[in-house]
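A.B. asks: with the sequence up front, the predicted model follows.
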Amino acid sequence: MSIGGKSLTMNIERAKAEDKDSVMEIVRDTEFFKSHEIDVAEEVFDDAIKQGDDGDYQSFVSKEGDNVTGWVCFGQTPCTVGTFDIYWIAVSPKYQNRGIGKLLVQYAMDRIKTSGGRMAVAETSGNPRYQSTRYFYEKIGFAKEACIKDFYAIDDDKIIYIKRI
């Protein structure tokens, strides 16, 4: 597979327990998440492994050879019909800007569609530090749907993106 002019052998597969250390390292290495958010990522990862195919969280990793390069976690939004949340997306800083995040989200979107999904929702911070994250969602076809002022903290808005299927 060629991504950004570079040849990669990229596989996406269901996350396994043995991928946990690599996934948590990626989440930490992005330097976007606070320690309590990393704790939540770990809980979600563990729940996805425990619950498997029928769980609330669907967790997949991208790999180049044996190296975990990224992680996506999504699931059906409770109390909705056909709406899914993209809960986590993280790509190792060593592998960023190669299209891996886009591939992970597209993989999630394909699985969501197969599961009867009609819409995916992704949320992020309005903090200037997250400009690259917002740009990423817009670049891959998500539309900014809402902004909740001061959601995370004073002057830290919650930006909600959607992509209809």
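C.D. replies: Nice, thanks for sending it over.

A.B. asks: buried residues of stretch 102-111, list them for me.
C.D. replies: By 16 or more other C-beta atoms under 10 Å, the buried positions in stretch 102-111 come out as Lys102, Leu103, Leu104, Val105, Tyr107, Ala108, Met109, Arg111. Glycine gets a C-beta too; all of them are placed from N, C-alpha and C.

A.B. asks: from the chain's centre, how far out does that stretch sit?
C.D. replies: When distances are taken as C-alpha atoms, centre = their mean, to the nearest Å, stretch 102-111 is centred 9 Å away from the chain's centroid.

A.B. asks: give me the contact list for it.
C.D. replies: Contacts of stretch 102-111 with the rest of the structure, by C-beta atoms under 8 Å, 6 or more residues apart in numbering, involve 3, 10, 12, 58, 60, 62, 70-72, 74, 86, 89, 91, 120, 139-140, 163, 165.

A.B. asks: find the residue at the geometric middle of this protein.
C.D. replies: Centroid check for the chain by C-alpha atoms, centre = their mean gives Ile89 as the closest residue, at 2.0 Å.

A.B. asks: which ones are touching that residue?
C.D. replies: Ile89 sits next to Gly70, Trp71, Val72, Cys73, Gly101, Leu104, Val105, Ala122 when contact means C-beta under 8 Å, 6+ apart.

A.B. asks: you'd agree it is in a strand?
C.D. replies: Yes - Ile89: assigned to a strand according to DSSP: H, G, I helix; E, B strand; the rest coil.

A.B. asks: per-residue pLDDT, it?
C.D. replies: Among the per-residue scores, Ile89 holds a pLDDT of 97.

A.B. asks: from Ala108, how far out is it?
C.D. replies: Plainly put, Ile89 is 8 Å away from Ala108 if you go by C-beta to C-beta, to the nearest Å.
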